[in-house]
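Undergrad: here are the coordinates; sequence isn't available:
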């Protein structure tokens, strides 16, 4: 089947710390991979995406590389800010369907 | 202009009542979704419509009935509300089911 597994939270970091949120996937085809972010009280919004192996998605200082050999799409940021506090969701979709598969979300809190 | 708008933002009601949540998208997308997010932030797909046609219907009680009068609207009607229905419900849309999702800001439903 198709599924996404991401590291459990919550994660608490100090400002300017390095962030990694792990995400691995299982897919029956060739997925596109996404990271979505949900700020408090809001809906999810796309943070970055990658559509094929070795692609790197990047946005707002966040990066993730589509690794087919390890079926992973880990999210990284070199220096987090308080404003990055949110819940982060890894997701995949297949070209053959209309369904997105979401991970369970990882809550990040950045303290000054 | 809000791309995906859903109303109401908050809905507080008694057990046994019937309520509706409305969703509209002005992006010209063909595919619309309803997701349920529980208190642990777990996101579960409920329904997906493509051009007014139901294409995904996950294991959801038949008290939940989606209605799509046109491809820009997907409303969710819930009969005989139960305590366990309390959650945040998100509407979303995408261009062709494989592109990124655009989410509404959510409807927080509280059943008392």
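TA: Ah, there it is. These figures come from a predicted structure and were not determined experimentally. Numbering: from 1, shown residues only, chains lettered A, B, ... in the order given.

Undergrad: how many other residues sit next to the closest residue to residue B:63 other than its chain neighbours?
TA: Nearest in space to residue B:63, with sequence neighbours left out and distances taken as Cβ to Cβ, 6 or more residues apart in numbering or on different chains, is residue B:79 at 4.5 Å. For glycine as for every other residue, the C-beta is placed from the backbone atoms N, C-alpha and C. For residue B:79, the count of nearby residues is 13 (other Cβ atoms under 10 Å in any protein chain shown).

Undergrad: Could I get the contacting residues of residue B:79?
TA: B:18, B:63-65 (Cβ atoms under 8 Å, 6 or more residues apart in numbering or on different chains).

Undergrad: Adding secondary structure, pLDDT and neighbour count, write these out as a markdown table.
TA: A markdown table is the format used below for those (DSSP: H, G, I helix; E, B strand; the rest coil; pLDDT from 0 to 100; neighbours: other Cβ atoms under 10 Å in any protein chain shown):
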| residue | secondary structure | pLDDT | neighbour count |
| --- | --- | --- | --- |
| B:18 | coil | 97 | 11 |
| B:63 | coil | 95 | 13 |
| B:64 | strand | 94 | 17 |
| B:65 | strand | 93 | 14 |
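
Undergrad: I'd like to know which of those is nearest to chain A.
TA: Lowest distance from chain A to those (Cβ to the nearest Cβ) belongs to residue B:64, with 17.4 Å.

Undergrad: isn't that closest one right up against residue B:46?
TA: Yes - contact status for residue B:64 versus residue B:46: in contact at 6.6 Å, counting by Cβ atoms under 8 Å.

Undergrad: Got the confidence number for the closest residue to residue A:17 other than its chain neighbours?
TA: Nearest residue to residue A:17, sequence neighbours excluded (Cβ to Cβ, 6+ apart): residue A:80, at 5.7 Å. With respect to pLDDT, residue A:80 has a value of 97.

Undergrad: Any idea how many residues pack against residue A:80?
TA: 22.

Undergrad: Pretty sure residue B:93 sits against residue B:28.
TA: No - contact criterion Cβ under 8 Å: residue B:93 and residue B:28 do not qualify, at 9.2 Å.

Undergrad: neighbour-wise, which of the two wins?
TA: When neighbours are counted by other Cβ under 10 Å, residue B:93 and residue B:28 differ, and residue B:93 comes out ahead with 27 against 9.
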